[in-house]
Structure formats: structure tokens, C-alpha cells
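1. quick one, what's the 3D model for this:
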Amino acid sequence: MSQKTIAILKSDLGTHGGLEKYCKRIAEALVQYGYKVFLLTAGEVPQGELPYTVHSLTKRSKWSFWHLLRFDRAAAAWLSKNKVDYVFGMDRNFCGQHFYRAGNGVHAAYLEHRKAYTSFWKRCSFFLNPLHFLIRSMEKKTYTSSTLQRLFVNSEMVRDELVHYYPEVDPAKICAVHNGVEWYELGEFFTNSCEDERNSAYQFLFIGNEYERKGLLLLLQALTLVRKPYELTVIGKERCLARYKAYAQKLGIDRFIHFLGQQKNVRPYYQKADAIVIPSYYDPFANVTVEALAMGLFVVSSPKNGGKEVLTHDTMGVVFDAFTPASVAHALEIAMQRPKTRKTGAAIRNAVQHLDFSHQIGKLIRELSNYAGPDGPEHS
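-> As a prediction, the model looks like this:
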């Protein structure tokens, strides 16, 4: 039997986010399972020797609309000239795909949740901005395509959204596989964190880009209601960082907040923290959820973070009820009753051992292979 070929579509590999990391892990796993893998992308490509072939089909555009459209057209042209057995999408596009992983969730649901924190004029742009129309059109094409064999989601929350916004999608095609984590690799870092001297103030950690969507303003408001000693370390990329610093100062809590911006290595901050706070207005599955748990941190999660589904015990974390300062503050105070110790941290960490990347990606690849029959679906 000849070796099966599969093309993975991922328009951007130049950043170091969770989706990019997951794409590379899946490509490596597919190679190990015996597939010949072609990774189609735009702009920057990974450096070093790789077990799969990377093709950069076009330059990276700073305009999201043109970036998506240009890559989609380039990918379609490549697939028409290079026949492969399967196409696995990691991005929204119009290309016929056999497998798709909706790592970004459902765009219609994202826009609905954005209404909670954006201005009237911004909400109007949801209907006028061609980017939103393009993304929703690509989503519908992908989800309703006759070629689609399996639709992977990273949380039951996203599964429910898919069924709600796209009732024409066959629910039997949807498979939920939670995000994985470098559980074994983080073992040494966890052990070292337990040997550090603990700060007298409770240590909260926030990690995320685009602070508005990630709910940082709400978190800062909630912290004004917390009476016990605390510190908050804020990590992530944000164009309007000065706005958040000024807001913390206005609230009178700036001396307790440490804005560190984007960091290449976040593990030292996991080591020093007691809990991570994820107040996102919408996150299909925040990767920091499982990363923090694997480092023994208590998790304070938004109800709109699909990652909340792995918080199977109340000793692991708490989900706040509503997007109000009082509700978030109540959750923060619950967390402060559980400072990280060697014992509590180990219990939290061990509860997510089953989410190691090797297991989660293995589950996805096996599911994919079950649907990729001996002859495979014909690409169209």
C-alpha cells in the first residue's frame, strides 16, 4: 500500500501561539503515523530540519482580509496542481477539506460575545466589515462541505455553538478533543517552583494577547474588591498597554500590578504564581488553562472559556458566574484560600496527566485515521 499524503492548511506559523504550536504537533504526529505531510502556510516558515515539508505559498499581509483571501487562493492553486489524499484545515478557508480543526471556535459566537465589551459603533462594524463576512462565509463552506469527514473541536462549548449556529452540520461528524499540554516536559519546572520561597502576598497571573477580549479591565475592577494582600502579573501583547496601566493607577491598585508585556518564556511566571486568572469574554479553549494546571496552579476561569471543562474538581479551579466585578472578585477570594504548596500543586498537576500532548494528539490522529479508509475520500 502506497504512503498516504495529507496537506495541512495553516496560514500563519510565524507566531508562537497555541494554534501554531498545535499545528506543528499534529504535523509531527501524522508523520509518525505514516503519512507524508505537506504543511501549507504563508510568510515565515519554521526553521531547522523538519520531518514534514513546508510550503510558503504567499507573503504575509498585515490586512487580515487580504491575508485570508490570498492564502485561500494560493492553497487552492497548490492543491489543484499537487494531488493529495487528504486535506486537513487548521484555518477557515474555501478549499474543500476532509478534516478540519475549529481551533478558533465559531466566529458568529465570538461576535455575539464581543457585544458585551465593545462600543455601539464597533458592534455596527460586525455587519459592515468585510472581514467578518469573509470569515463566516469560509466557516459555512467548511462546515457544510460534502467532502468533510470529521470536524474537530477543542471543547464541548464549541460543539454546542456549532450545532446552534450551523444546524445543517451533521452532529455525528463533530469530535471534541481538549487541548493538550507538555505535561511530562513541565515536571522539572513544577518541582523547582515548589522549592522557591513563597511571597507573603497571593500571586495571581494573567497571560493573554489583546487584553480587552481577554477581560483584563474586568479583572482590574474585581481586584479593587479584594481585601487580602495580592499581586497580579500581566503578560501578553497589547497595543494600548498605557491605557491599562493608567486604568490600574486610576483604580488605586497600580502598585500591586506588574505589567511585563510579551515574554518569550512564560514558565518562570507559572513557577512564581499561585493561580492563573482567565476572564476571557470568549475563548474556545485557552491553552493557558492546561499549562497552568500542569504547573500546579489553581485556575479562575470565565464561563466562556472552553478550557473550564477540564476543571473536574473544585480543588483545581473555579468558574465565576457572571461578567461582573463582584462575581470575579468572589472567585478570586476562593482562589486565595488555596495558595500553591507542593501537596496542592502536585494534586492539581496529576489531575491533568491524561491531557499530555502525546495522548490528546494521538486521540485526534486515531479518529482521523478511522475516517480515512484504505482508499480515502477523493479530493474535490
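2. and the helices in the stretch 1-150 of the chain?
-> Secondary structure of the stretch 1-150 of the chain (DSSP state H, counting those that start in this stretch): helices at 18-32, 64-81, 107-114, 120-128, 130-144.
3. quick one, which of those is nearest to residue 304?
-> For these, distance to residue 304 was read as CB to CB. The smallest value, 5.9 Å, belongs to helix 107-114. (Each C-beta comes from the backbone N, C-alpha and C, glycine too.)
4. let's have the helices of the stretch 1-150 of the chain in JSON lines, adding mean neighbour count and mean pLDDT.
-> Shown next, in JSON lines, are the helices of the stretch 1-150 of the chain (neighbours: other CB atoms under 10 Å; pLDDT from 0 to 100):
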{"stretch": "helix 18-32", "mean neighbour count": "19", "mean pLDDT": "86"}
{"stretch": "helix 64-81", "mean neighbour count": "17", "mean pLDDT": "93"}
{"stretch": "helix 107-114", "mean neighbour count": "18", "mean pLDDT": "89"}
{"stretch": "helix 120-128", "mean neighbour count": "11", "mean pLDDT": "73"}
{"stretch": "helix 130-144", "mean neighbour count": "17", "mean pLDDT": "91"}
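5. now stretch 209-220, how far from the centre of its chain.
-> Offset of stretch 209-220 from its chain centre (CA atoms, centre = their mean, to the nearest Å): 16 Å.
6. give me the contact list for it.
-> Identification of contacts with stretch 209-220 by CB atoms under 8 Å, 6 or more residues apart in numbering yields 17, 114, 117-118, 206, 208, 232, 234, 236-238, 240, 244, 247-248, 251, 253, 257, 262, 277-283, 302, 323-325, 328.
7. next step: the residues you listed restricted to strands.
-> Using DSSP state E, 206, 232, 234, 257, 277, 278 are the members of the contacts of stretch 209-220 that sit in strands.
8. quick check: the two most widely separated of these?
-> Every pair of these checked by CB to CB; the farthest is 257 and 278, at 16.8 Å.
9. what about stretch 52-70, start to end distance?
-> End-to-end distance for stretch 52-70: 23 Å, by CA to CA, to the nearest Å.
10. I meant stretch 258-274, not that one.
-> End residues of stretch 258-274 are separated by 15 Å (CA to CA).
11. and that stretch, which residues are buried?
-> Buried residues in stretch 258-274, counting neighbours by 16 or more other CB atoms under 10 Å, are found at 259, 266, 267, 269, 270, 271, 272, 273, 274.
12. distance of the closest residue to residue 307 other than its chain neighbours from residue 194?
-> Nearest residue to residue 307 in three dimensions, chain neighbours excluded: residue 289, at 3.1 Å (CB to CB, 6 or more residues apart in numbering). Distance of residue 289 to residue 194, computed by CB to CB, to the nearest Å: 20 Å.
13. which one's more surrounded, those two?
-> residue 289 (29 against 16; other CB atoms under 10 Å).
14. just the element for that one, please.
-> helix 287-294 (DSSP states H and E).
15. that helix - contacts with which helices or strands?
-> strand 275-278, strand 298-301, helix 342-350 (3 or more CB pairs under 8 Å, 6 or more residues apart in numbering; DSSP states H and E).
16. next, the buried residues of that helix.
-> Quick answer for helix 287-294 (16+ other CB under 10 Å): 287, 288, 289, 290, 291, 292, 293, 294.
17. the last one contacts residue 349, doesn't it?
-> Yes - between residue 294 and residue 349 a contact is recorded at 5.8 Å, counting by CB atoms under 8 Å.
18. quickly list what's touching both of those two.
-> 183, 186, 190.
19. per the record, what domains does the protein have?
-> 5-180+357-371, 187-354 (automatic domain parsing).
20. report the contact partners of residue 349.
-> Contact analysis of residue 349 by CB under 8 Å, 6+ apart lists 183, 186, 190, 293, 294, 295, 296.
21. just the CA atoms of the helix holding residue 289, as CSV, please.
-> Extracted as CSV, the C-alpha positions of helix 287-294 are listed here (Å, rounded to 0.1, in the frame of the first residue of the first chain):
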residue,chain,number,x,y,z
ASN,A,287,-4.2,27.0,26.3
VAL,A,288,-3.1,28.7,29.5
THR,A,289,-5.7,26.7,31.3
VAL,A,290,-3.9,23.4,30.9
GLU,A,291,-0.5,24.9,31.1
ALA,A,292,-1.3,26.4,34.5
LEU,A,293,-2.8,23.2,35.8
ALA,A,294,0.2,21.2,34.6
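22. quick one: the helix or strand bottoming out on mean pLDDT in the chain to chain centroid distance?
-> Ranked by mean pLDDT, DSSP states H and E, the weakest helix or strand in the chain is helix 120-128, scoring a mean of 73. Relative to its chain's centre, helix 120-128 lies at 25 Å (CA atoms, centre = their mean).
23. just stretch 91-102 next, same as before
-> 17 Å.
24. quote the end-to-end distance of it.
-> Terminal residues of stretch 91-102 lie 8 Å apart, using CA to CA.
25. shaky segments in the chain?
-> 1, 14-18, 195-198, 373-380 (pLDDT under 70).
26. which residues touch residue 76?
-> 94, 95.
27. ok, back up a step: hmm, which of the contacts of residue 349 are the buried ones?
-> Buried members of those, counted by 16+ other CB under 10 Å: 183, 186, 190, 293, 294, 295, 296.
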